[in-house]
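Trainee: Sequence plus the predicted model coming up.
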Amino acid sequence: MHLWLILALLTAFATASQDAWTKKFFSHKNLYEMAAYPFLYCLPLLLVAILFVEVPPLDAAFAWCYAASLPLNGVAIMLYMRAIRASPLSLTLPFLAFTPVFMILTGYLVLGERPAPLGVAGILVICLGGYILNIDPDASRGQRSFWAPIRAVAREPGSWTMLIVAFIYSFAAVVGKKAILHSSPLFFTLYFFALFNFLMVLFFRSTGKIRIRAMLASPGKGFIVGGLMFLHVYCHALAIAMTQAAYMVAVKRMSIVFGVLYGRLIFREANMVFRLGGAGLMVLGTVLITLQS
């Protein structure tokens, strides 16, 4: 098995584990505090890790990519939170699956990457599986069909907002990879997320959305979710440097499959037959990408 694939699957597992841990232990908090926990508790780990990373030669391309990555990721997170507050999850989350599809275009524009036909097929199959998995089978009948999220784009602000989020993330991922190629995977990742996490916590605190003192009351659980975020960004950086960005992010979307398993094992969610269909498609897409690479 390719090393990049192992790292991408570890990224997916860490992402799903982070989400499951946050839901399990911090779901009684408000939406902004739930989002801020990983940022806050990952920050000390990033600052310590920075001490052990060598500074590579840097150029103008790295500087503009680093500068562009901050607003791209910040705007995406703000729009993401606005989307899930404005519309039902079953009509918004499916559109996140389109990020690797958009990356076929953005990867070519920014990095000059051209996925081969079999790789494109794998990306599209993963997108379809992720779309299906994110359609909540427990939603009302009108929101449960395959076409419901697409039909909702015209009337649901959260739906088209999430589609914009997916597009922004497609640029953020390839711009981040370009910064990695002009520095090193760990240098960019650690220095970027150290600043980004600090700015996100500072922003949430300045708007009165979070209470730092209350969040510091559970350091054990907090550092676990922070450690999962650290593992997520660490593996992401290494994996995306080894293969085409669209391939890596498509496999990273396997986090949805891991999330389904967590939903069954921890939260006792039902309707697994519905979800396993989408999971099977995502696994098939990963196999196609692996065969291509």
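Mentor: Arrived safely.

Trainee: State the number of residues packed around L124.
Mentor: 17 (other Cβ atoms under 10 Å). From N, CA and C alone the C-beta is placed, and that goes for glycine too.

Trainee: element containing the closest residue to it other than its chain neighbours, please.
Mentor: Closest residue in space to L124, ignoring its immediate chain neighbours: V101 at 6.7 Å, by Cβ to Cβ, 6 or more residues apart in numbering. Secondary structure from DSSP states H and E places V101 in helix 99-111.

Trainee: picking up where we left off before, let me see the contact set for the residue nearest to L124.
Mentor: 123-124, 127 (Cβ atoms under 8 Å, 6 or more residues apart in numbering).

Trainee: Next: L284.
Mentor: L284 is in contact with 122, 125, 129, counting by Cβ under 8 Å, 6+ apart.

Trainee: tell me the secondary structure for it?
Mentor: helix (DSSP: H, G, I helix; E, B strand; the rest coil).

Trainee: Please renumber the chain so that the first residue is 32 from this point on.
Mentor: OK, 32 is where the count begins now, so the last one is L315.

Trainee: Against W191, how distant is it?
Mentor: 29 Å (Cβ to Cβ, to the nearest Å).

Trainee: Give me the helix or strand of this structure that scores worst on average pLDDT.
Mentor: helix 172-175 (a mean of 52; mean pLDDT, DSSP states H and E).

Trainee: Distance from the helix or strand just after that one to the middle of the chain?
Mentor: Remark: after helix 172-175, the chain's next helix or strand is helix 179-183, criterion DSSP H and E. Averaging C-alpha positions (Cα atoms, centre = their mean, to the nearest Å) puts helix 179-183 22 Å from its chain's average.

Trainee: pLDDT on the following helix or strand past helix 179-183, on average?
Mentor: Downstream of helix 179-183, the first helix or strand assigned by DSSP H and E is helix 188-212. Throughout helix 188-212, pLDDT has a mean value of 93.

Trainee: Check stretch 33-45 too.
Mentor: The average of the pLDDT scores along stretch 33-45 is 94.

Trainee: do the same with stretch 243-250
Mentor: Stretch 243-250 comes out at a mean pLDDT of 90.

Trainee: buried stuff in that stretch?
Mentor: M246 (16 or more other Cβ atoms under 10 Å).

Trainee: Stretch 286-300 too?
Mentor: In stretch 286-300, residues buried by neighbour count (16+ other Cβ under 10 Å) are 286-291, 293-294, 300.

Trainee: Can you show me the CA trace of it as CSV?
Mentor: Presented in CSV, the C-alpha positions along stretch 286-300 are these (Å, rounded to 0.1, in the frame of the first residue of the first chain):
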residue,chain,number,x,y,z
SER,A,286,-13.6,10.4,7.3
ILE,A,287,-17.3,10.3,6.6
VAL,A,288,-17.2,6.5,6.6
PHE,A,289,-15.3,6.4,9.9
GLY,A,290,-17.9,8.9,11.2
VAL,A,291,-20.7,6.5,10.2
LEU,A,292,-18.9,3.7,12.2
TYR,A,293,-18.6,6.0,15.2
GLY,A,294,-22.2,6.9,14.9
ARG,A,295,-23.2,3.3,15.1
LEU,A,296,-20.7,2.2,17.8
ILE,A,297,-20.9,5.2,20.1
PHE,A,298,-24.1,7.1,19.4
ARG,A,299,-26.2,4.0,18.4
GLU,A,300,-27.4,5.7,15.2
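
Trainee: Perfect, I'm done here.
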